[in-house]
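Participant: my questions concern the predicted model and sequence given below.
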Amino acid sequence: MQNIYKCRVCGEYTESPIHCGVKSELILDAKRRVMLSKLMSGLLRHYPQEAGLKLDSEGWVSIDELSMGIREKWRNKELYQWVTREHIIAIAMLDPKNRFEIKNNKIRARYGHSIDVEIKYLKINYNGKLYHGTSIDKLDMILVEGIRSMKRKYVHLTTDIVNAREIGRRHGKPVVLIINSRCLEENNIEVYKATDKIYLVKYVPPKCIDKILH
Ligand SMILES: [Zn+2]
(Lines give C-alpha, C1' and ligand atoms only; values in the text may rest on other atoms or scores of the structure.)
Protein backbone atom coordinates (compact mmCIF):
# COMPACT_ATOMS: atom_id res chain seq x y z
CA MET A 1 0.00 0.00 0.00
CA GLN A 2 1.05 3.57 -0.63
CA ASN A 3 1.38 6.61 1.60
CA ILE A 4 -1.76 8.64 2.26
CA TYR A 5 -1.67 12.40 1.83
CA LYS A 6 -4.18 15.16 2.38
CA CYS A 7 -4.57 17.83 -0.23
CA ARG A 8 -3.87 21.31 1.16
CA VAL A 9 -6.25 22.86 -1.35
CA CYS A 10 -9.35 20.65 -1.67
CA GLY A 11 -8.90 18.65 1.54
CA GLU A 12 -9.23 15.26 -0.13
CA TYR A 13 -7.28 12.23 1.01
CA THR A 14 -5.10 10.94 -1.79
CA GLU A 15 -2.25 8.60 -2.60
CA SER A 16 -0.72 11.29 -4.74
CA PRO A 17 2.01 13.53 -3.21
CA ILE A 18 0.77 16.33 -5.42
CA HIS A 19 -2.89 17.36 -5.60
CA CYS A 20 -4.59 20.43 -7.03
CA GLY A 21 -1.16 21.44 -8.29
CA VAL A 22 0.53 21.70 -4.88
CA LYS A 23 2.46 19.34 -2.64
CA SER A 24 0.06 17.51 -0.35
CA GLU A 25 0.54 16.82 3.34
CA LEU A 26 1.69 13.33 4.35
CA ILE A 27 -0.66 11.98 7.00
CA LEU A 28 0.11 8.25 6.95
CA ASP A 29 3.14 6.45 5.60
CA ALA A 30 2.70 3.07 3.93
CA LYS A 31 3.94 1.10 6.91
CA ARG A 32 1.57 2.69 9.41
CA ARG A 33 -1.24 2.47 6.90
CA VAL A 34 -0.88 -1.31 6.58
CA MET A 35 -0.57 -1.70 10.34
CA LEU A 36 -3.67 0.30 11.16
CA SER A 37 -5.70 -1.10 8.29
CA LYS A 38 -5.06 -4.66 9.47
CA LEU A 39 -6.00 -3.77 13.02
CA MET A 40 -9.19 -2.05 11.87
CA SER A 41 -10.17 -5.16 9.88
CA GLY A 42 -9.44 -7.41 12.84
CA LEU A 43 -11.42 -5.30 15.31
CA LEU A 44 -14.39 -4.71 13.03
CA ARG A 45 -14.61 -8.30 11.78
CA HIS A 46 -13.33 -10.60 14.48
CA TYR A 47 -12.42 -9.26 17.93
CA PRO A 48 -13.96 -5.84 18.77
CA GLN A 49 -14.01 -6.70 22.48
CA GLU A 50 -10.20 -6.70 22.51
CA ALA A 51 -10.26 -2.93 22.18
CA GLY A 52 -13.26 -2.59 24.48
CA LEU A 53 -15.63 -2.07 21.55
CA LYS A 54 -19.19 -3.15 21.16
CA LEU A 55 -20.53 -3.21 17.61
CA ASP A 56 -24.24 -2.80 17.03
CA SER A 57 -26.28 -5.55 15.39
CA GLU A 58 -25.29 -4.37 11.91
CA GLY A 59 -21.61 -4.11 12.70
CA TRP A 60 -21.33 -0.35 13.27
CA VAL A 61 -19.24 1.42 15.89
CA SER A 62 -18.52 5.13 16.21
CA ILE A 63 -15.25 6.27 14.66
CA ASP A 64 -14.29 8.05 17.88
CA GLU A 65 -14.83 4.92 19.94
CA LEU A 66 -12.74 2.90 17.52
CA SER A 67 -9.89 5.38 17.58
CA MET A 68 -10.04 5.67 21.39
CA GLY A 69 -10.26 1.90 21.81
CA ILE A 70 -7.13 1.45 19.69
CA ARG A 71 -5.17 4.06 21.67
CA GLU A 72 -6.37 3.09 25.13
CA LYS A 73 -7.52 -0.51 25.27
CA TRP A 74 -5.83 -2.54 22.53
CA ARG A 75 -3.11 -4.83 23.92
CA ASN A 76 -0.43 -3.27 21.71
CA LYS A 77 -1.69 0.24 22.27
CA GLU A 78 1.80 1.65 22.70
CA LEU A 79 2.32 1.07 18.96
CA TYR A 80 -0.78 3.04 18.11
CA GLN A 81 -0.66 6.20 20.19
CA TRP A 82 -0.48 8.27 16.99
CA VAL A 83 -3.88 7.09 15.71
CA THR A 84 -6.58 9.72 15.20
CA ARG A 85 -10.04 9.57 13.69
CA GLU A 86 -8.62 11.19 10.57
CA HIS A 87 -6.27 8.26 9.97
CA ILE A 88 -9.18 5.84 10.30
CA ILE A 89 -11.33 7.84 7.89
CA ALA A 90 -8.51 8.20 5.35
CA ILE A 91 -7.81 4.46 5.41
CA ALA A 92 -11.49 3.61 5.02
CA MET A 93 -11.98 6.02 2.13
CA LEU A 94 -8.93 4.89 0.17
CA ASP A 95 -9.14 1.19 0.86
CA PRO A 96 -8.37 -0.60 -2.42
CA LYS A 97 -10.84 -3.38 -1.63
CA ASN A 98 -13.56 -1.20 -0.22
CA ARG A 99 -13.35 -3.07 3.08
CA PHE A 100 -14.88 -0.30 5.18
CA GLU A 101 -18.06 1.73 5.13
CA ILE A 102 -18.56 5.07 6.87
CA LYS A 103 -21.93 6.62 7.66
CA ASN A 104 -23.08 9.15 10.27
CA ASN A 105 -19.72 9.18 12.08
CA LYS A 106 -19.80 5.41 12.34
CA ILE A 107 -17.68 2.79 10.65
CA ARG A 108 -18.05 -0.91 9.89
CA ALA A 109 -16.42 -3.61 7.81
CA ARG A 110 -18.47 -4.32 4.69
CA TYR A 111 -17.70 -8.04 4.69
CA GLY A 112 -15.45 -10.71 6.19
CA HIS A 113 -17.02 -10.98 9.64
CA SER A 114 -16.63 -13.98 11.87
CA ILE A 115 -18.54 -12.31 14.71
CA ASP A 116 -22.28 -12.39 14.63
CA VAL A 117 -23.55 -9.30 12.84
CA GLU A 118 -26.59 -8.99 10.62
CA ILE A 119 -25.65 -6.82 7.70
CA LYS A 120 -28.43 -6.32 5.20
CA TYR A 121 -26.72 -7.01 1.92
CA LEU A 122 -28.35 -6.41 -1.40
CA LYS A 123 -29.57 -9.67 -2.88
CA ILE A 124 -28.88 -9.80 -6.58
CA ASN A 125 -29.09 -11.98 -9.65
CA TYR A 126 -25.52 -12.08 -10.79
CA ASN A 127 -24.88 -13.54 -14.23
CA GLY A 128 -21.19 -12.99 -14.73
CA LYS A 129 -18.19 -15.00 -13.69
CA LEU A 130 -17.34 -15.35 -10.03
CA TYR A 131 -14.05 -16.61 -8.66
CA HIS A 132 -13.04 -18.15 -5.38
CA GLY A 133 -9.43 -18.34 -4.28
CA THR A 134 -8.22 -21.18 -2.11
CA SER A 135 -5.17 -23.36 -1.67
CA ILE A 136 -4.43 -26.60 -3.43
CA ASP A 137 -4.54 -28.68 -0.26
CA LYS A 138 -8.18 -27.71 0.33
CA LEU A 139 -9.20 -28.63 -3.20
CA ASP A 140 -10.02 -32.33 -2.68
CA MET A 141 -12.31 -31.54 0.21
CA ILE A 142 -14.00 -28.71 -1.69
CA LEU A 143 -14.70 -30.92 -4.70
CA VAL A 144 -16.50 -33.38 -2.43
CA GLU A 145 -18.19 -31.10 0.09
CA GLY A 146 -18.45 -27.81 -1.75
CA ILE A 147 -17.20 -24.46 -0.43
CA ARG A 148 -18.23 -23.77 3.13
CA SER A 149 -17.78 -20.49 4.96
CA MET A 150 -15.87 -22.13 7.84
CA LYS A 151 -15.33 -19.53 10.57
CA ARG A 152 -16.73 -16.64 8.59
CA LYS A 153 -20.39 -15.92 8.03
CA TYR A 154 -20.23 -16.23 4.25
CA VAL A 155 -18.20 -17.71 1.44
CA HIS A 156 -16.46 -14.87 -0.39
CA LEU A 157 -16.60 -14.80 -4.17
CA THR A 158 -15.02 -12.13 -6.30
CA THR A 159 -15.26 -10.82 -9.84
CA ASP A 160 -11.54 -10.11 -9.72
CA ILE A 161 -9.40 -13.11 -10.62
CA VAL A 162 -6.19 -11.42 -9.42
CA ASN A 163 -7.73 -10.87 -6.01
CA ALA A 164 -8.91 -14.50 -5.88
CA ARG A 165 -5.39 -15.71 -6.56
CA GLU A 166 -3.98 -13.40 -3.87
CA ILE A 167 -6.40 -14.83 -1.32
CA GLY A 168 -5.45 -18.37 -2.31
CA ARG A 169 -1.78 -17.54 -1.91
CA ARG A 170 -2.34 -16.58 1.74
CA HIS A 171 -3.15 -20.20 2.50
CA GLY A 172 -0.56 -22.00 0.41
CA LYS A 173 -0.20 -22.86 -3.26
CA PRO A 174 -3.12 -20.98 -4.82
CA VAL A 175 -5.89 -22.32 -7.01
CA VAL A 176 -8.79 -20.32 -8.40
CA LEU A 177 -12.21 -21.86 -8.82
CA ILE A 178 -14.66 -20.49 -11.37
CA ILE A 179 -18.15 -20.52 -9.94
CA ASN A 180 -21.21 -20.89 -12.13
CA SER A 181 -23.61 -18.19 -10.96
CA ARG A 182 -26.53 -19.66 -12.91
CA CYS A 183 -26.04 -22.94 -11.07
CA LEU A 184 -26.19 -21.08 -7.74
CA GLU A 185 -29.47 -19.57 -8.78
CA GLU A 186 -30.88 -22.92 -9.91
CA ASN A 187 -30.01 -24.34 -6.51
CA ASN A 188 -31.72 -21.48 -4.69
CA ILE A 189 -28.47 -20.17 -3.26
CA GLU A 190 -28.83 -16.46 -2.67
CA VAL A 191 -26.07 -14.19 -3.85
CA TYR A 192 -25.42 -10.94 -1.96
CA LYS A 193 -23.38 -8.00 -3.08
CA ALA A 194 -20.89 -6.63 -0.52
CA THR A 195 -18.88 -4.35 -2.85
CA ASP A 196 -18.50 -3.98 -6.60
CA LYS A 197 -16.10 -6.90 -6.56
CA ILE A 198 -17.07 -9.02 -3.57
CA TYR A 199 -20.13 -11.25 -3.54
CA LEU A 200 -21.25 -13.44 -0.66
CA VAL A 201 -23.05 -16.77 -0.50
CA LYS A 202 -23.72 -19.18 2.33
CA TYR A 203 -22.43 -22.20 0.41
CA VAL A 204 -21.25 -23.34 -3.01
CA PRO A 205 -22.14 -26.94 -3.93
CA PRO A 206 -19.50 -28.92 -5.87
CA LYS A 207 -21.64 -29.04 -8.99
CA CYS A 208 -21.53 -25.23 -9.23
CA ILE A 209 -17.75 -25.23 -9.58
CA ASP A 210 -17.15 -24.97 -13.31
CA LYS A 211 -13.42 -24.94 -13.61
CA ILE A 212 -10.20 -25.03 -11.62
CA LEU A 213 -7.33 -22.76 -12.58
CA HIS A 214 -3.94 -23.76 -11.21
ZN1 LIG B 1 -6.83 18.69 -4.11
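Facilitator: Cool, the structure landed.
Participant: from here on, just use CA atoms for contacts and neighbour counts.
Facilitator: OK.
Participant: which SSE is immediately downstream of the lengthiest helix in the chain?
Facilitator: Scanning the chain for the longest helix, with DSSP state H as the assignment, gives helix 30-45. Downstream of helix 30-45, the first helix or strand assigned by DSSP states H and E is strand 61-62.
Participant: ok, and what's touching that following strand?
Facilitator: 53-55, 105-108 (Cα atoms under 8 Å, 6 or more residues apart in numbering).
Participant: what parts of this protein come near the ion?
Facilitator: Within the chain, the positions adjacent to the ion are 7, 10, 19-20 by Cα under 5 Å from the ion.
Participant: which one (most neighbours) among those?
Facilitator: For the residues of the chain next to the ion, neighbours were counted using other Cα atoms under 10 Å, and residue 7 has the most, 22 neighbours in all.
Participant: chain neighbours aside, what residue packs nearest to that residue?
Facilitator: Nearest non-adjacent residue to residue 7, counting by Cα to Cα, 6 or more residues apart in numbering: residue 24, 4.6 Å away.
Participant: that older thread, show me the residues of the chain next to the ion that map onto helices.
Facilitator: Among the residues of the chain next to the ion, no member falls in helices (DSSP H).
Participant: in this structure, where is pLDDT below threshold?
Facilitator: Of all residues in the chain, none has pLDDT under 70.
Participant: all helices for it, in order.
Facilitator: Assigned by DSSP H, the chain shows helices spanning 30-45, 63-72, 85-94, 136-145, 161-169, 181-186.
Participant: of all these, which one is nearest residue 154?
Facilitator: Relative to residue 154, the nearest member of the helices of the chain by Cα to Cα is helix 30-45, separated by 12.3 Å.
Participant: the closest one to helix 85-94, inter-axis angle?
Facilitator: 80 degrees (axes from the mean of the first three to the mean of the last three Cα atoms, to 10 degrees).
Participant: who does helix 30-45 touch, helix- and strand-wise?
Facilitator: helix 85-94, strand 106-109 (3 or more Cα pairs under 8 Å, 6 or more residues apart in numbering; DSSP states H and E).
Participant: could you list the residues in contact with it?
Facilitator: 1-4, 48-51, 55, 59, 88, 91, 99, 108-109, 111-115.
Participant: same deal with stretch 158-169?
Facilitator: Contacts of stretch 158-169 (Cα under 8 Å, 6+ apart): 128-135, 157, 174-176, 197-199.
Participant: buried residues, it. List them.
Facilitator: Neighbour-count burial for stretch 158-169 flags 158-159, 161, 163-165, 167-169 (criterion: 16 or more other Cα atoms under 10 Å).
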